[in-house]
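[1] Output the structure for:
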Amino acid sequence: MTAAAPVVSELYEAFGRRDLTKVFSLLSPDVKITQSEELPWGGVYRGHDGARQFFGKLGSTINSTLEIERLIRSGDHVAAVGWTQGTVNATGATYRVPITHLWKIQEGVIVQAQFYTDHSTMLKALGVGVADPGCSQLSEGLRD
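    Predicted coordinates:
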């Protein structure tokens, strides 16, 4: 069995280099990616085609880098805690937003990714109104 945390670390390194060939080699052909639909790139994406859609929507909206402060492994799951920072493509506005990414790894590849972003901060950077500025996606997920 492949250790989960090194797979996730390798993915972040490849993403930082914008090495999408390597990124996709670490994603299962059946990967499921989930991001809240409150964000312009949000939704549920399946498979490599879905991942391409997700990354395309993300990249057309923001120019982002990730700063991962820590990885927490529990069996075949890994939580990555850190920040996304960059600029909004439409306005040039800068942002630094807390994030948590949850990953599930099986047989050395990522089969599931759930991305949690502080919505109020990201939506403010995007210039979108926020209905409940005190509520982030993470707290929203805890209520479900």
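
[2] For residue 60, list the residues it contacts.
    residue 89 (C-beta atoms under 8 Å, 6 or more residues apart in numbering). Yep, even glycine has a C-beta here, placed from its N, CA and C like the rest.

[3] Can you show me the strands along the protein?
    Per DSSP state E, the chain carries strands over the ranges 27-35, 43-46, 62-74, 77-88, 94-106, 109-117.

[4] Output the lowest mean pLDDT helix or strand found in the chain.
    Least confident helix or strand, the chain: helix 137-143 with a mean of 40, by mean pLDDT, DSSP states H and E.

[5] Can you tell me how far the residue minimising distance to the centre of the chain is from residue 21?
    Closest residue to the average C-alpha location of the chain: residue 115 at 4.1 Å, with C-alpha atoms, centre = their mean. Applying C-beta to C-beta, to the nearest Å, the value for residue 115 to residue 21 is 21 Å.

[6] And residue 67, by the same measure?
    23 Å.

[7] what's the answer for residue 28, then?
    16 Å.

[8] When the two are compared, which one has more neighbours?
    Using other C-beta atoms under 10 Å, the more surrounded residue of residue 28 and residue 21 is residue 28, with 18 against 7.

[9] tell me the pLDDT at the more buried one?
    Note on residue 28: pLDDT of 98.

[10] ok, now which ones touch it?
    106, 109-111.

[11] Pull out the buried residues from those residues.
    For these, a burial check counting by 16 or more other C-beta atoms under 10 Å picks out 109-111.

[12] show me the contacts for the residue lying closest to residue 40 once chain neighbours are set aside.
    Spatial nearest neighbour of residue 40, excluding adjacent residues (C-beta to C-beta, 6 or more residues apart in numbering): residue 61 at 4.9 Å. Neighbour list for residue 61: 40-41, 88-90, 126 [criterion: C-beta under 8 Å, 6+ apart].
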